[in-house]
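Trainee: any chance you can model this:
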Amino acid sequence: MIEFVVVLRMYSATMRKIFSCVSTGLEERTDRMKAINLDDVLINFNHQIRLNPDQLKAWFVERPSSPRSALGRWLRAQKKQTTAQKIIFIGHRGSGKSTELAKLAEELQDEFLIVQLDVLESTGRTDLALEDLMLVLFTRVFRKGSDEGWIQPPLTAQLSDRWQQLYNWFTRVVAGLTLGASSAEKTFGASLKLGIVELEAEVRQSAEAREAIHRELSFRMTELLGHLNWVIEQAENTGQKPLLIIIEGLDKVDLEAARRIFLDRFATLNAPQAYIIFTCPSALRYSEDFEQIRQQFSRVEILPNIPPKQRSGRLDKEDWKHCAR
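Mentor: The predicted structure follows:
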């Protein structure tokens, strides 16, 4: 009994150490040493926290089995095409999808305007509907474009009228918020951005608000897509690069919700005039619908787990070396 208590106390101390470091957050620990024992591995590892750019430089390990490099070359080649391509990126949870996509974004940042978003973080829901996804897509593209200066205040009467249409549509149809008058040109973007921030918070916290927006967008999806594509066009004209959107979080939605989005409503999913990489539940890959889904997308990439052993049962020395790094 005494030995059990001692072991329990040692375990508890180790777990307190682990959770203390996790609560500190990997984002605050870019200078940590590489692990030399199991305790260090557990402390360093938290698959729920993404690497920021500095951590990516310090911690990223190249994987020979990753499709990232081939996908990057393909996207560069596709820039010459007029049709923006849609890609599915699949991998099991914890396989390193976020890290690989973050590295891809870093490698392509000189050739594309990059927007990265996590639809699950934005909505907090696994029973995702297409209306949720498209609204998040619109709001995040607009916010990123505003923050990066890709979307500029209107300089002509024609652009001013278009901005006013977008502002009026958003406040009347989507948000239903009182944001104040937008008489000055410079307030269009600021007022719309403020409304988007308020809307995101309200939708995340209120099921009633979410359902009300669903009802509106189910009848006005064509209008939303028109405004989204106009914002994408403005960003690309200003930034002089094509837009690449990386959507994470879709791999964690319910299987039925994913099937409705990727299979039943692909035409809407394909409508935004930007290059888009979608994560996808790995379970959908093994469903009877996946072959039909695969045929609708320009490219499907699968990120395999690192196998500790070969099929024969022998240790895979090369993959163990990568794990050790």
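Trainee: was I right about E111 contacting R73?
Mentor: No. Contact criterion CB atoms under 8 Å: E111 and R73 do not qualify, at 11.4 Å. All C-beta atoms are positioned from the backbone trio N, CA, C, and that covers glycine.
Trainee: more crowded one of those two?
Mentor: Neighbours were counted for E111 and for R73 using other CB atoms under 10 Å; E111 has more, 14 against 10.
Trainee: surely that one is in a strand?
Mentor: No. Counting by DSSP: H, G, I helix; E, B strand; the rest coil, E111 is not part of a strand but coil.
Trainee: how far away is it from T139?
Mentor: 25 Å (CB to CB, to the nearest Å).
Trainee: tell me which residues in stretch 274-292 are buried?
Mentor: 274-282, 284-285, 290 (16 or more other CB atoms under 10 Å).
Trainee: with stretch 259-275 instead?
Mentor: Neighbour-count burial for stretch 259-275 [16+ other CB under 10 Å]: 259, 261-263, 265-266, 268-275.
Trainee: take these and keep only those in strands.
Mentor: Those of the buried residues of stretch 259-275 mapping onto strands are Y275, per DSSP state E.
Trainee: now render the buried residues of stretch 259-275 as JSON lines, adding distance to G91 and pLDDT.
Mentor: As requested, the buried residues of stretch 259-275 are exported to JSON lines (distance: CB to CB, whole Å; pLDDT from 0 to 100):
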{"residue": "R259", "distance to G91": "19", "pLDDT": "92"}
{"residue": "I261", "distance to G91": "18", "pLDDT": "92"}
{"residue": "F262", "distance to G91": "16", "pLDDT": "93"}
{"residue": "L263", "distance to G91": "20", "pLDDT": "91"}
{"residue": "R265", "distance to G91": "23", "pLDDT": "89"}
{"residue": "F266", "distance to G91": "21", "pLDDT": "90"}
{"residue": "T268", "distance to G91": "25", "pLDDT": "90"}
{"residue": "L269", "distance to G91": "20", "pLDDT": "91"}
{"residue": "N270", "distance to G91": "22", "pLDDT": "92"}
{"residue": "A271", "distance to G91": "26", "pLDDT": "93"}
{"residue": "P272", "distance to G91": "23", "pLDDT": "94"}
{"residue": "Q273", "distance to G91": "27", "pLDDT": "93"}
{"residue": "A274", "distance to G91": "22", "pLDDT": "94"}
{"residue": "Y275", "distance to G91": "19", "pLDDT": "95"}
